[in-house]
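*Asks:* I'll drop the sequence and a predicted model, then ask my questions.
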Amino acid sequence: MSHTCKHVRLVRDVVPKTRGCEECLAEGQIWVHLRLCRECGHVGCCDQSIGKHATGHFHETGHPVMEGYDPPEGWGWCYVDEIVVDLPDQTEQVGPIPRYY
């Protein structure tokens, strides 16, 4: 599962902005899995979720690397290179995070 990309250098230690998908919480939607932007701390839902808000966040901001975040899973995804990247410095949950599925 280990790949490298030039965007991993943009990864920062972040504080999650919300306890769940920011947009789903505002809209009253449900999510499947959470993803954490490792550039700014935005919490969005995965592409299996109705809103696909993590991908939407990438398209809006260009922030390339997100972390699997419910619970922290130790991997990330680079939207630009479309590859899985290792993130050994997992972000602690600001929890408890509500579960929907």
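*Replies:* Received it, and whenever you're ready, just let me know what you need.
*Asks:* could you pull out the strands for this structure?
*Replies:* 34-37, 43-45, 65-69, 72-78, 83-86 (DSSP state E).
*Asks:* Compare the ones you listed and say which comes out lowest on pLDDT.
*Replies:* Note on the strands of the chain: strand 72-78 shows the lowest mean pLDDT, a mean of 85.
*Asks:* Mind jotting down where the helices sit in this structure?
*Replies:* Taking DSSP state H as the test, the helices found in the chain are 22-27, 53-61.
*Asks:* So for the last one, mean pLDDT?
*Replies:* Predicted confidence along helix 53-61 averages 98 (mean pLDDT).
*Asks:* who's in contact with it?
*Replies:* Where contact means Cβ atoms under 8 Å, 6 or more residues apart in numbering, the residues beyond helix 53-61 that reach it are 21-24, 31, 34-35, 37, 39-40, 42, 44-47, 63-64, 66, 79. For the C-beta atoms, the positions are set from N, CA and C on the backbone; glycine is no exception.
*Asks:* Just put the helices of the chain in a markdown table and tack on mean neighbour count and distance to Arg12.
*Replies:* Below are the helices of the chain laid out as a markdown table (neighbours: other Cβ atoms under 10 Å; distance: least, Cβ to Cβ, whole Å):
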| stretch | mean neighbour count | distance to Arg12 |
| --- | --- | --- |
| helix 22-27 | 17 | 18 |
| helix 53-61 | 19 | 13 |
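*Asks:* Val94: which of those is closest?
*Replies:* helix 22-27 (12.2 Å; Cβ to Cβ).
*Asks:* Show me what the closest one is packed against.
*Replies:* Using 3 or more Cβ pairs under 8 Å, 6 or more residues apart in numbering; DSSP states H and E, the elements in contact with helix 22-27 are strand 43-45, helix 53-61.
*Asks:* could I get the ones you listed as TSV with distance to Ile83?
*Replies:* Converted to TSV, these look like this (distance: least, Cβ to Cβ, whole Å):
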stretch	distance to Ile83
strand 43-45	19
helix 53-61	14
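*Asks:* Among those, which comes closest to Asp86?
*Replies:* It's helix 53-61; of the helices and strands packed on helix 22-27, that one is closest to Asp86 (Cβ to Cβ) at 18.3 Å.
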